[in-house]
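Enquirer: Following is a predicted model, sequence given first.
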Amino acid sequence: MEPDFRVLDLLGEGSFAQVFKCVEKKTKAPFALKEFDTTKDGYERNIVQQEIKIWKGLEHENIVKLYANFRSGKYLYFVMEFMEGGNLFNDMMERHRYSEKEAASILRQVLEALQYLHSKRIVHRDIKPDNILLQSKRSPDSRQPIIAKIGDFGFAVRLPKDSDVIHCQAKGAPMFLAPETILEDPIGCPVDIWSCGVLLHTMIVGYPPFWDDNNEKMLLSAVRGQYSLSTTCWRKVSSSCKDLVKRMLCVSSSQRVTASSALKHPWVFKMSLSSPCPHRKEHKFLCQQTLSTKLKSTLSKLHASMGCTQALGVSKFKGKFFPLHHSAHNLSTLSI
C-alpha cells in the first residue's frame, strides 16, 4: 500500500525528477520524496532499478536512508531521510572555504561512509558536494557540529566477486573525475578517494585543484596530476593536511590511499577529535578575494551541467592521454 504523504516544499529538480519535503500524514514525520517522471527523456529504468537495489540495503549513519520506493501511475517515488541542512554545495557557496577542523569533520564522515560501501564492494562514483547532505542548517559562523551523509546512488556500481575493478561508462561531474575514469580504464573504489581529494582541496582553500573554463584542459590537468599546494592560499594550511591531499590525488589508483587508511591519517584523526566546529576567525588566509568569486562562477557553470560526462566526449581523450597513462606513476604533484 502506498504511503500517504502531504507534500510541503520543492527542494530541487532535475530533467526527469523532483525532490520534495513532505510529511507522512499518519505520523507527521518529515521525509524527502523524490519523484521520477518515467515518461520523460533521460529517465533510464535500468539505472534507477540498480540504484534501488544498491541503496535500499544500506545501513550507515553517514548514508542517507532510502526507506521505501513505490509506483503511482507514470511516477516512481523514493521515500528518503530528510536532511534539513540541504547539500554541501550550497553550504560551500555561502562559506567559500572551511577551517581544517570543519573540513576534517566532513571528510571523516564521508570516508566512514565510503569505508562501509567499499567493504560491500560498492563504488559510489559520484562523490561531490551536491551528493553530501547536511542534517541541519547552520549559520556561516556556527559552532554547531556538522553531521554529513552521502546520498544519491544513481551512478553506483557493485564490483564483481572476482575482480576489484569494473568496466563502466564514464559518468560524473567533470571536476571530480579520477584519471582512470577520464581514460575509460576499468575503475574501482579508488575513484571515490580521488573525488574526496578534490573535495578536501576545495573545502580548505575555496577552489578545486583542477578547473578551467575549457573542459579538455581541466581533464588533462587531472590525468597529469597537475595542481599546486604552494600558492598563497596554502601557506597557513598544515603540512599534514597537504600530505593527505597528495595521497588522495595520486594519479596511480593502486598507490592512492584507501578510505580505511585515510581515516587513520593523523590529520583526519586529530582534527576531527573535537566535534564542535571552531569559530571562523581561526581560519584566515591571505588568499585574494577574487578566488572565492571565481570559484562561485566556475562551480555555478559546472553545476549546471554536472550530469553524465558522455556530453564531454570522454572517449576522444583516450588516444590523447594514452602516453601519459603509461607513465602516470612517475607523475607527481607539485611540491608544497
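Expert: Yep, it's here. Numbering: from 1, shown residues only.
Enquirer: sec struct for residue 222, please.
Expert: When the structure is split into helix, strand and coil by DSSP: H, G, I helix; E, B strand; the rest coil, residue 222 lands in helix.
Enquirer: Not counting sequence-adjacent ones, nearest residue to it?
Expert: The shortest distance from residue 222 to any non-neighbouring residue, by CB to CB, 6 or more residues apart in numbering, is to residue 210 (4.5 Å). Bear in mind the C-beta positions are built from the backbone N, C-alpha and C, glycine included.
Enquirer: That neighbour against residue 218, yeah?
Expert: Yes - using CB atoms under 8 Å, residue 210 and residue 218 qualify as a contacting pair, with a distance of 5.3 Å.
Enquirer: The helix or strand containing residue 109: which residues count as buried?
Expert: Using DSSP states H and E, the secondary-structure element containing residue 109 is helix 100-119. Buried residues in helix 100-119, counted by 16 or more other CB atoms under 10 Å: 100-118.
Enquirer: mind listing the helices for the stretch 51-200 of the chain?
Expert: 88-95, 100-119, 179-182, 190-205 (DSSP state H, counting those that start in this stretch).
Enquirer: I'd say residue 123 and residue 166 touch.
Expert: Yes - distance between residue 123 and residue 166: 7.5 Å, which falls inside the contact criterion (CB under 8 Å).
Enquirer: thinking again about what came up before, any residues in contact with both of residue 210 and residue 218?
Expert: Taking CB atoms under 8 Å, 6 or more residues apart in numbering as the contact criterion, the common neighbours of residue 210 and residue 218 are residue 175.
Enquirer: ok so, going back, let me know the distance separating the residue nearest to residue 222 from residue 131.
Expert: The span separating residue 210 from residue 131 equals 19 Å under the rule CB to CB, to the nearest Å.
Enquirer: now swap in residue 16 and tell me
Expert: Distance from residue 16 to residue 131, counting by CB to CB: 17 Å.
Enquirer: Same drill for those two, tell me which one is more crowded.
Expert: Comparing residue 16 with residue 131 by neighbour count (other CB atoms under 10 Å), the higher total belongs to residue 131, at 24 against 16.
Enquirer: can you pull the contacts of that one?
Expert: Taking CB under 8 Å, 6+ apart, we find residue 131 in contact with 87, 124, 150, 151, 152.
Enquirer: about what we covered before: can I get the helices of the stretch 51-200 of the chain in CSV including distance to residue 247 and mean pLDDT?
Expert: As requested, the helices of the stretch 51-200 of the chain are exported to CSV (distance: least, CB to CB, whole Å; pLDDT from 0 to 100):
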stretch, distance to residue 247, mean pLDDT
helix 88-95, 22, 89
helix 100-119, 12, 97
helix 179-182, 15, 97
helix 190-205, 8, 98
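Enquirer: right, and these - which one's nearest residue 214?
Expert: With CB to CB as the measure, helix 179-182 is the member of the helices of the stretch 51-200 of the chain nearest residue 214 (14.3 Å).
Enquirer: export the closest one as PDB, just CAs?
Expert: Taking Å, rounded to 0.1, in the frame of the first residue of the first chain, the C-alpha atoms of helix 179-182 are listed here in PDB:
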ATOM      1  CA  PRO A 179      42.300   9.900 -14.200                       C
ATOM      2  CA  GLU A 180      41.200   6.300 -14.800                       C
ATOM      3  CA  THR A 181      37.600   7.400 -15.300                       C
ATOM      4  CA  ILE A 182      38.700  10.000 -17.800                       C
END
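Enquirer: so what secondary structure elements neighbour that helix?
Expert: The contact analysis (3 or more CB pairs under 8 Å, 6 or more residues apart in numbering; DSSP states H and E) places helix 179-182 against helix 190-205, helix 215-224, helix 317-326.
Enquirer: so which of those helices comes closest to residue 60?
Expert: The closest approach between residue 60 and any of the helices and strands packed on helix 179-182, judged by CB to CB, belongs to helix 190-205 at 14.2 Å.
Enquirer: Centre of the chain to that closest one, how far?
Expert: Between the mean C-alpha point of helix 190-205 and the mean C-alpha point of its chain there is a distance of 8 Å (CA atoms, centre = their mean, to the nearest Å).
Enquirer: Please save the CA atoms from stretch 106-118 in PDB.
Expert: Coordinates of the C-alpha atoms in stretch 106-118 are reproduced here as PDB (Å, rounded to 0.1, in the frame of the first residue of the first chain):
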ATOM      1  CA  ILE A 106      33.000  16.500   7.000                       C
ATOM      2  CA  LEU A 107      35.700  14.400   5.300                       C
ATOM      3  CA  ARG A 108      35.900  11.900   8.100                       C
ATOM      4  CA  GLN A 109      32.100  11.200   7.800                       C
ATOM      5  CA  VAL A 110      32.300  10.800   4.000                       C
ATOM      6  CA  LEU A 111      35.300   8.400   4.400                       C
ATOM      7  CA  GLU A 112      33.400   6.400   7.000                       C
ATOM      8  CA  ALA A 113      30.500   6.000   4.600                       C
ATOM      9  CA  LEU A 114      32.900   5.100   1.800                       C
ATOM     10  CA  GLN A 115      34.700   2.600   4.000                       C
ATOM     11  CA  TYR A 116      31.400   0.900   4.600                       C
ATOM     12  CA  LEU A 117      30.400   1.000   0.900                       C
ATOM     13  CA  HIS A 118      33.800  -0.300  -0.200                       C
END
